[in-house]
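Engineer: Return a 3D structure for these sequence lines:
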Amino acid sequence: MSSADLSSNVQSLYAEHHGWLSTWLRRRLGCAHSAADLAQDTFVRVLLRPQVLPTLREPRAYLTTLAKGVVSEHWRRQALERAYLDALAQMPEALALSPEDRLELLQTLDEIDVMLDGLAPKAREAFVLSQLEGLTYAAIAQRLDISERTVKRYMAQGFERCLALME
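Structural biologist: You can find the predicted model right below:
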């Protein structure tokens, strides 16, 4: 597909379905601003997968699938930020971070979340328990009701994922 064809296909898809997608997102999020942002993020994902456009028969189903992933990431990011802000609120004032440090820490937490996104839920939990809570592999195995060997495999997957994304 030439870049002119790609551009034309994306423009058509955007013109025909952006309004519908924004409305669909607004109903789920209850916020027009967030819906507009996530609609744009959805179309960015369309641009990242140009090979799909020529064979696309059900554009709204495709956009819905992409948008659900974008919304899921949005909610996960919000939950992560809320948990961080709750932890900050419980810190003594002398230990409170500056707004710049808070932003940097939130960005770092978001990067870690993205790094671990490809892991299975138990692998992600094992990695977090080890790296953030400092639990031993034996304690993680007991808590997750899995073998230590499985914990080691999950940790290797977590480290591989982090290293691959850092490059």
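Engineer: contacts and neighbour counts: CA atoms only from here.
Structural biologist: Fine.
Engineer: neighbours around Q157, how many?
Structural biologist: Neighbours of Q157 under the rule other Cα atoms under 10 Å: 19.
Engineer: what's the distance between the strand or helix carrying it and the middle of its chain?
Structural biologist: Using DSSP states H and E, Q157 sits within helix 148-166. Relative to the centre of its chain, helix 148-166 is centred 18 Å away, using Cα atoms, centre = their mean, to the nearest Å.
Engineer: Now do E111 against Q142, distance only.
Structural biologist: 28 Å (Cα to Cα, to the nearest Å).
Engineer: got the angle for the helix or strand bottoming out on mean pLDDT in the chain vs helix 148-166?
Structural biologist: Lowest mean confidence among the helices and strands of the chain (mean pLDDT, DSSP states H and E): helix 99-116, at a mean of 81. Calculated by axes from the mean of the first three to the mean of the last three Cα atoms, to 10 degrees, helix 99-116 forms an angle of 120 degrees with helix 148-166.
Engineer: Whatever helix or strand comes next after helix 99-116 packs against which elements?
Structural biologist: The helix or strand immediately downstream of helix 99-116 is helix 121-131, counting by DSSP H and E. Helix 121-131 makes packing contacts with helix 137-144, helix 148-166 when contacts are defined by 3 or more Cα pairs under 8 Å, 6 or more residues apart in numbering; DSSP states H and E.
Engineer: quick one: helix 121-131 to chain centroid distance?
Structural biologist: Using Cα atoms, centre = their mean, the offset of helix 121-131 from its chain centre is 16 Å.
Engineer: just stretch 13-22 next, same as before
Structural biologist: 23 Å.
Engineer: could we number from 38 for the rest of this?
Structural biologist: From this message on, residue numbering opens at 38, which makes the last subject stretch 50-59.
Engineer: Could you list the buried residues of that stretch?
Structural biologist: Of all the residues in stretch 50-59, those buried under the rule 16 or more other Cα atoms under 10 Å are L50, Y51, H55, L58, S59.
Engineer: Ok, stretch 77-91 next?
Structural biologist: Q77, D78, T79, F80, R82, V83, L90.
Engineer: show me the contacts for the most centrally placed residue in the chain.
Structural biologist: For the chain, the residue sitting closest to the mean C-alpha position, by Cα atoms, centre = their mean, is E110 at 3.7 Å. With contact set as Cα atoms under 8 Å, 6 or more residues apart in numbering, E110 has no partners.
Engineer: redo that, cut-off 10 Å
Structural biologist: The contact partners of E110, by Cα atoms under 10 Å, 6 or more residues apart in numbering, come to A104, A116, D150, V151, D154.
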